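Q: one predicted model, sequence on top.
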Amino acid sequence: MAVQTPFYYYDLALLENTLQALNDAIPSSKFKVHYAVKANAEDRILQTIQRYGLGADCVSGNEITKSIACGFNPSEIVLAGVGKSDAELHTAISNGIHSINCESIEELEVINEIAEQNNRVANISFRINPNVDAKTHHKITTGLSENKFGIPISEVSRAIAEIRKMEFLSLSGIHFHIGSQILSMDPFIKLCNQVNTLLDEIEGEGIQLDHINVGGGLGIDYLNPDQNPIPDFEKYFAVFHEHLNVRDGQTVHFELGRSVVAQCGSLITKVLYVKKGATKNFAIVDAGMTELIRPALYDSYHEMENITADSLLGTDNYSVVGPICESSDVFGELEMPITKRGDLIKIKSAGAYGQVLSSNYNLRDSAKAYYSDKNELTSWVGSEKKETSLT
Ligand SMILES: Cc1ncc(COP(=O)(O)O)c(C=O)c1O
Ligand SMILES: N[C@@H](CCCC[NH3+])C(=O)O
């Protein structure tokens, strides 16, 4: 079978185990998880997640349309985004999604107009910027005052005054998202404390909210993906169960992306050349920042493994680089079994913010996705090389 490298490989059994672990860890019937579609929007991934009862957190009109096509009920879809276009708002409102996370007072008037055109009342959550430091990479921090996201806490009263004037809007919740790849629970505890104070204030204005959306952000173990394939959902949910003062009748929404899908995906790439450089060996592979941009964008670490090398031949150090015409097109440096042209390298933890962030820069072809429940691929790897497992 002709299989073109590079390709994404998704372990659906691991995805299902992760979803089961997530559901088992939910401590309260008031908790509802919406999967952040931006992390991976492959049909089969979305369909699997939908089967486990999660809702969808979208950031574009196309994500809403795709989520509905993959089986999500519009009443379990939320939309966020600092710059929603009129067309995207039409998509959200005409489909009757659960709520729109409004990120500025300026946006309210536009949403109100579009709701009126659709002759519907739109449920609004205020996305509030809590100025909580997520203590993660600065490029994926979203809840600090300097970030573009959300309404500043100091503006909440004004936002309430404005929404009261809008005939086609109903304030049903508040929303937060402080950042991504968060491993310490401290920022989430700080967030809970901020939310509690704000809930008191909002209730002081005579408003009862039906949901509190605390966003996503739970991190994964990029350093030990094989040992820790499933994040500690129990510890994460316990923080909110313990620290959030949820009122009777209120639900708590979560928007988890990375923690659901990162570990089930890998990028499989073939070694084109092993080149002896002046100071190091380069393993030049056929995947690049076009298939996985995280190392180039955030200097992020992804574990790699030569899955076809003969381990008896010894090891050497390699800088694994892609073919793209950019010096940042580097996946990392590591010691691997002696590597040669034609070997396959598995770049792990690529299921989140991998394929969705791919591009055709340098006019490259788009890499395809394969899934573990089709054994065509395992036999392909086996016939190309020696018997090896992708999982
Ligand atoms: C508003 C919002 N919700 C949810 C997520 C998902 O975050 P994560 O993949 O870290 O769980 C993001 C991305 O950071 C986001 O911007
Ligand atoms: N793209 C980022 C996460 C951003 C999340 C979206 N707000 C990453 O790969 O880590």
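A: Alright, I've got the coordinates. Ligands and ions are numbered 1, 2, ... in the order given.
Q: for the rest of this, base every contact and every neighbour count on C-alpha atoms.
A: Fine.
Q: can you give me the strands in the stretch 51-200 of the chain?
A: In the stretch 51-200 of the chain, the strands defined using DSSP state E, counting those that start in this stretch lie at 55-58, 77-79, 99-102, 122-129, 151-152, 169-175.
Q: just these: most buried one?
A: Compared across these, strand 55-58 shows the largest average neighbour count, a mean of 28 (mean count of other C-alpha atoms under 10 Å).
Q: alpha carbons of that one, as CSV, please.
A: Extracted as CSV, the C-alpha positions of strand 55-58 are listed here (Å, rounded to 0.1, in the frame of the first residue of the first chain):
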residue,chain,number,x,y,z
GLY,A,55,-19.9,19.3,24.2
ALA,A,56,-17.8,21.5,21.9
ASP,A,57,-16.0,24.7,22.5
CYS,A,58,-15.5,26.5,19.2
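Q: sorry, back to before: which of the strands of the stretch 51-200 of the chain comes out lowest on mean pLDDT?
A: Among those, strand 151-152 has the lowest mean pLDDT, at a mean of 92.
Q: parallel or antiparallel, list what pairs with that strand.
A: strand 122-129 (parallel) (DSSP bridges).
Q: relative to the whole chain's centre, how far out is the partner strand?
A: 20 Å (C-alpha atoms, centre = their mean, to the nearest Å).
Q: ligand 2 is nearest to which of the strands of the stretch 51-200 of the chain?
A: strand 55-58 (11.0 Å; C-alpha to the nearest ligand atom).
Q: residues making contact with that closest one?
A: 32-38, 64, 67, 72-73, 76-80, 255 (C-alpha atoms under 8 Å, 6 or more residues apart in numbering).
Q: please apply the same query to stretch 136-145.
A: 129-135, 147-149, 152, 176-182, 298.
Q: output the strands of the stretch 51-200 of the chain as TSV; include the columns distance to Ile45.
A: Shown next, in TSV, are the strands of the stretch 51-200 of the chain (distance: least, C-alpha to C-alpha, whole Å):
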stretch	distance to Ile45
strand 55-58	12
strand 77-79	16
strand 99-102	23
strand 122-129	27
strand 151-152	32
strand 169-175	25
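Q: so can I have TSV of the ones you listed showing distance to ligand 1?
A: Output for the strands of the stretch 51-200 of the chain, formatted as TSV (distance: least, C-alpha to the nearest ligand atom, whole Å):
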stretch	distance to ligand 1
strand 55-58	7
strand 77-79	8
strand 99-102	9
strand 122-129	9
strand 151-152	13
strand 169-175	8
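Q: now stretch 65-75: mean pLDDT?
A: 98.
Q: touching that stretch from outside, list them.
A: Contact with stretch 65-75 is made by Val37, Asp43, Leu46, Gln47, Gln50, Gly55, Ala56, Thr91, Asn95, Gly96, Ile97, His98, as judged by C-alpha under 8 Å, 6+ apart.
Q: of those residues, just the buried ones, PyMOL syntax please.
A: Only the buried entries of the contacts of stretch 65-75 go into this PyMOL selection, using 16 or more other C-alpha atoms under 10 Å:
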select buried, resi 37+46+47+50+55+56+91+95+96+97+98
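Q: mind checking which of the contacts of stretch 65-75 land in helices?
A: Asp43, Leu46, Gln47, Gln50, Thr91 (DSSP state H).
Q: closest to ligand 1 out of the residues you listed?
A: Nearest member of those to ligand 1, counting by C-alpha to the nearest ligand atom, is Leu46, at 14.3 Å.
Q: for the closest one, which non-adjacent residue is closest in space?
A: Using C-alpha to C-alpha, 6 or more residues apart in numbering and skipping residues adjacent in sequence, the residue nearest Leu46 is Cys70, 6.2 Å away.
Q: count the neighbours of that neighbour for me.
A: 20 (other C-alpha atoms under 10 Å).
Q: next one: Thr18
A: By other C-alpha under 10 Å, neighbour count at Thr18 equals 22.
Q: Phe31 touches Gln250, doesn't it?
A: No: look at Phe31 against Gln250 with C-alpha atoms under 8 Å: they stay out of range, at 9.3 Å.
Q: more crowded one of those two?
A: Phe31 (18 against 15).
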